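> pasting a predicted model and its sequence here:
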Amino acid sequence: MYIQSDDYNDITDRILELDIRPQDLIILLVAESEVLDLKALIDQLNKAEVPFIGGVFPGVIHNSKLYRAGVIVKKLRAVSPPVIMTGLNTSGFEWPDLKGVIEGVNTPVTAWIMIDGLMSNIAHFLSGLYDRLGDRVNFIGGGAGSLSLKQQPCLLTPEGLVQDAAVIALLDYDTHLGVKHGWKRLAGPVVATRTSKNVIHELNWEEAFTVYRGYIEADCECTFNAQNFFEVAKCYPFGISKSDAEEVVRDPISVNEEGGLVCVGEVPENAVLNIMKGTADNLIAAAAEAVEETLKNAPGNEYVRHTMVVDCVSRALFLEDRHEEELEQINRRIKAVRSEVSPQGMLSLGEISSYGEGYLEFFNKTIVIGSLY
């Protein structure tokens, strides 16, 4: 359900109206707000003994609308208590026994994941997660954080608000996924000859921003600098080439003092990149394709119980007034096959999904749609 309120008491009361059973988990998708007291909300939920995890996002999605305030509340069946991992800004963080959690489960499992979308170890974390769970589960989720792109505590746990962290819900559902972006190649390839985590220092052995700016200014016929970086770069992401699938998009969000390009998510050293460009029509069409993809291999659309939408915040910024068209495409197609299901989700700082043969990826400027059965 969607609760259009910034009053933590009201939100808690509405959650307590739900019939929460022992196997249920409450997942909160919170639109960032200077009004809602998240610490008080956490305290209230703990006092009421509500099992929950949550994330703060630039916006939340309900049916065909984007909301900049309020909370999406999902009551979902879980196969175990949620997993909360902190300290992910270091390479030596400890892993819980995730394999042991699902060993005795004989039904399909979906891992719903929310991470700090601005931490620098996302690929390392997701690689470790896939090593432990592999194709035993389907994965869907996204990066939490602020539209300001300033890192701050953004995940809600019973222990409080955390950053450099991840929360994982192992859910008692099968999931069919649709993953599309709609961006097309403009230029390239170029090689990321020197990188560190989510920073590209060099492209083709030259300063990364100098090379990138040359391609962008040739196309947009504009002056491109550090001051207008985000406004211009949102139209020109990188695509990491994949031999058997469309590119995985990486979103450059700023340039540092050394001319390095700071991205949402890691870029492997020596990765082959293309510079991408999009149109509103192509991105909206890609969202419709993602819906069809999530439904086409389903056992029967009458079994759909929930549809989760993870839509990159930079898609919304790029589409501007036409973003609602994207959400309308999704809502109309879902309700055509299951009228009582409301697509719900969030604007994310990076998207998480199983992909292709099932490998776990972190995307930017992409839309991920999961139908839970």
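Cool, got the structure.
> domains for this protein, by residue range?
2-180+283-372, 184-277 (automatic domain parsing).
> the last one: how far from the chain's middle?
Same thing as domain 184-277. 20 Å (CA atoms, centre = their mean, to the nearest Å).
> end-to-end on that domain?
Domain 184-277 stretches 5 Å from its first residue to its last (CA to CA, to the nearest Å).
> ok, back up a step: same list (the domains of the chain) but as CSV, adding mean pLDDT and mean neighbour count.
All C-beta spots, glycine's among them, are computed from the backbone N, C-alpha and C. Formatted as CSV, the entries for the domains of the chain read as follows, by pLDDT from 0 to 100; neighbours: other CB atoms under 10 Å:
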stretch, mean pLDDT, mean neighbour count
domain 2-180+283-372, 91, 19
domain 184-277, 92, 18
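> give me the distance between residue 368 and residue 305.
As for residue 368, its distance to residue 305 is 18 Å (criterion: CB to CB, to the nearest Å).
> contact partners of the longest strand along the chain?
When the chain is parsed with DSSP state E, its longest strand is strand 245-255. By CB atoms under 8 Å, 6 or more residues apart in numbering, the surrounding residues in contact with strand 245-255 are 149, 181, 183, 185, 200, 209, 212, 226, 229-230, 233-234, 236-242, 261-265, 267, 273-274, 276, 312, 314, 350, 355-356, 361-366.
> cool, stretch 221-234 as well?
Outside stretch 221-234, the residues within contact range by CB under 8 Å, 6+ apart are 149, 213, 216-217, 220, 251-255, 314, 317-318.
> circling back to that earlier point, which elements pack onto the following helix or strand past the longest strand of the chain?
The element immediately downstream of strand 245-255 (helix or strand, assigned by DSSP states H and E) is strand 261-264. Counting by 3 or more CB pairs under 8 Å, 6 or more residues apart in numbering; DSSP states H and E, the packing neighbours recorded for strand 261-264 are strand 199-203, helix 208-220, strand 245-255.
> which helices and strands does the second one pack with?
By that I understand helix 208-220. strand 184-191, strand 199-203, helix 229-233, strand 261-264, strand 272-277.
> try 10 Å
Applying 3 or more CB pairs under 10 Å, 6 or more residues apart in numbering; DSSP states H and E, one finds that helix 208-220 contacts strand 184-191, strand 199-203, strand 206-207, helix 229-233, strand 245-255, strand 261-264, strand 272-277.
> follow-up on the earlier one: angle of the longest strand of the chain against strand 199-203?
Taking axes from the mean of the first three to the mean of the last three CA atoms, to 10 degrees, strand 245-255 and strand 199-203 form an angle of 100 degrees between their directions.
> partner strands of strand 245-255, parallel or antiparallel?
Strand 245-255 pairs in its sheet with strand 238-242 (antiparallel), strand 261-264 (antiparallel), by DSSP bridges.
> okay, stretch 237-256 in PDB with CA atoms only?
This file holds the C-alpha atoms of stretch 237-256, laid out as PDB (Å, rounded to 0.1, in the frame of the first residue of the first chain):
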ATOM      1  CA  PRO A 237      26.100   7.300 -20.000                       C
ATOM      2  CA  PHE A 238      28.700   4.600 -20.600                       C
ATOM      3  CA  GLY A 239      27.800   1.100 -21.800                       C
ATOM      4  CA  ILE A 240      30.100  -1.700 -20.600                       C
ATOM      5  CA  SER A 241      30.200  -4.200 -23.600                       C
ATOM      6  CA  LYS A 242      28.900  -7.700 -23.000                       C
ATOM      7  CA  SER A 243      29.500 -10.500 -25.500                       C
ATOM      8  CA  ASP A 244      26.000 -12.000 -25.200                       C
ATOM      9  CA  ALA A 245      23.700  -9.200 -24.100                       C
ATOM     10  CA  GLU A 246      23.100  -5.500 -24.300                       C
ATOM     11  CA  GLU A 247      25.500  -3.200 -22.600                       C
ATOM     12  CA  VAL A 248      25.400  -2.700 -18.800                       C
ATOM     13  CA  VAL A 249      25.000   1.000 -18.400                       C
ATOM     14  CA  ARG A 250      27.200   3.100 -16.000                       C
ATOM     15  CA  ASP A 251      26.200   6.600 -15.000                       C
ATOM     16  CA  PRO A 252      28.900   9.200 -14.600                       C
ATOM     17  CA  ILE A 253      27.700  11.700 -12.000                       C
ATOM     18  CA  SER A 254      30.700  14.000 -11.400                       C
ATOM     19  CA  VAL A 255      34.300  14.800 -12.300                       C
ATOM     20  CA  ASN A 256      36.900  14.900  -9.600                       C
END
